[in-house]
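Peer 1: could you look at this predicted model? Sequence included:
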Amino acid sequence: MSKQITQLTGGAFLAWPEMMNRLLGELTNRFHADISNKQVFGDIVYLPEWNQEGVPYWCKTAFLSPAKMTFDSIGEAAAALKEIQRNWGPYQFTQFRRATLIQEKLPYINLKVKQFPCTIPESPIGVWTLLDQNTMLFSPNTSSTFPGGHLELQEDHENPPSRAYLKIQEAIIRCASGVYPGISKPLPKPGERCLDAGACPGGWTWVLRQLGATVVAIDRSPLVPSLMEDSSVTFMKHDAFTLKPEELGAFDWIFSDVICYPERLYEWVTMWLDSGLVKNMICTIKMQGETDWNLIQQFADIPGSKIQHLNYNKHELTWFHLV
Ligand SMILES: C[S@@+](CC[C@H](N)C(=O)[O-])C[C@H]1O[C@@H](n2cnc3c(N)ncnc32)[C@H](O)[C@@H]1O
């Protein structure tokens, strides 16, 4: 046997760990895709008849031009990928040792855990996975510039008031790394004015302060003492949704991690955008029960919007609005 490459029809999507049901639900209910012919390889779902534009929000990365390769040796597999292009990110669910040896023969890409703040190279990258010892599923074109769609951050177990800090760090890295290809790459800057809605105990406010921004933090419960005492943090004990933009003034950034129905969040973000008093917004849309895809579409239809499930999201999507 020698190397053989077969172009496949359709598309394949890499689900977030333990989120395959979310991805399948989105493929069925948002895209109305027929998933009866699906094939599953680890966290990858392959749909041979997929021919739609668009990438599911619950997908880490998409195999946009899937192909299968059969090969004899590690060297042969790596050479075949290199012949196609330079950049390849791995996703593996089996044959881990063999996969590592193949990746080592490919041009270097940084697969290390990242330290916030940072940016991720925006160059296109392919994805590959071993199905068995001699078979690979791969795609030169993908939907993410992160290797295998993966972003893992160095954790700080001492300073942040909650683990939620990872979620905003990831969201900010995605902005800085071109969530909107070719458009702006904003990052909250020193002195910029931020609103953090649903801020308690303060993970997001803590990250924003690390970046030097000033923060108006709103919650029914207070933040940790170090943030309550910070002169660049104004804490308001209030329902974030009943404060009017004119009462709070203009913001460079508005963030929300409030646990609420998506309908309530939608009303609130449109109120702020209509006020003209905010530039960038990043909000977590909490999924409660059955997803209302019409409502998620309403978020997506707001000009300048982007929606993505993040590595550090739980049963949530993150909505970005960047200018
Ligand atoms: C997931 S926690 C936020 C965690 C926070 N982002 C962090 O980094 O530590 C959600 C917060 O939303 C707050 N919350 C719920 N409804 C709210 C509302 N209407 N207005 C303000 N805060 C609200 C809750 O009190 C809770 O502290």
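Peer 2: Looks like it came in fine. Here the structure is a predicted model, which means the values were calculated and not measured. Residues are numbered from 1 along each chain as shown.

Peer 1: drop to CA atoms for contacts and neighbour counts, all remaining ones
Peer 2: Will do.

Peer 1: skip ahead from the longest helix seen in the chain and say which helix or strand is next.
Peer 2: Counting residues, the longest helix found in the chain (DSSP state H) is helix 262-275. As assigned by DSSP states H and E, the chain's next helix or strand after helix 262-275 is strand 278-286.

Peer 1: count of neighbours near the residue in the stretch 201-323 of the chain positioned nearest to the ligand?
Peer 2: Nearest residue of the stretch 201-323 of the chain to the ligand: Gly203, at 3.2 Å (Cα to the nearest ligand atom). By other Cα atoms under 10 Å, 23 other residues sit near Gly203.

Peer 1: now the residue nearest to it when sequence neighbours are not counted: phi and psi?
Peer 2: Sequence neighbours aside, Tyr165 is the residue nearest to Gly203 in space, at 4.4 Å (criterion: Cα to Cα, 6 or more residues apart in numbering). Main-chain dihedrals, Tyr165, degrees, to the nearest 10: phi -60, psi -30.

Peer 1: can you count the residues close to Tyr165?
Peer 2: 20.

Peer 1: on that earlier part again, check which residues of the longest helix of the chain are buried.
Peer 2: Pro262, Leu265, Tyr266, Trp268, Val269, Trp272, Leu273 (16 or more other Cα atoms under 10 Å).

Peer 1: list the contacts for the third one?
Peer 2: Translated: Tyr266. Applying Cα atoms under 8 Å, 6 or more residues apart in numbering, we find Tyr266 in contact with Phe299.

Peer 1: let me know the pLDDT of it.
Peer 2: On the pLDDT scale, Tyr266 is placed at 98.

Peer 1: next to the ligand, which bits of the stretch 51-200 of the chain? Give me the list.
Peer 2: Residues of the stretch 51-200 of the chain lying close to the ligand (Cα under 6 Å from any ligand atom) are Ser162, Ala164, Tyr165, Ala197, Gly198, Ala199, Cys200.

Peer 1: mind giving me the ChimeraX select for the residues you listed, buried ones only?
Peer 2: In ChimeraX, this line selects whichever of those come out buried by 16+ other Cα under 10 Å:
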select :162,164,165,197,198,199,200
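
Peer 1: which of the residues of the stretch 51-200 of the chain next to the ligand fall in strands?
Peer 2: The strands, defined by DSSP state E, take in Ala197 from these.

Peer 1: which of the residues of the stretch 51-200 of the chain next to the ligand sit farthest apart?
Peer 2: Ser162 and Ala197 (15.1 Å; Cα to Cα).

Peer 1: quick one on the thing from earlier: need phi/psi at the residue of the stretch 201-323 of the chain closest to the ligand.
Peer 2: Dihedral angles (degrees, to the nearest 10) for Gly203: phi -60, psi -50.

Peer 1: quick one: contacts for it?
Peer 2: Counted by Cα under 8 Å, 6+ apart, Gly203 has contacts Pro160, Pro161, Ser162, Arg163, Ala164, Tyr165.

Peer 1: out of the residues of the stretch 51-200 of the chain next to the ligand, who's nearest Lys279?
Peer 2: Closest approach to Lys279 among these (Cα to Cα): Ala197, at 15.6 Å.
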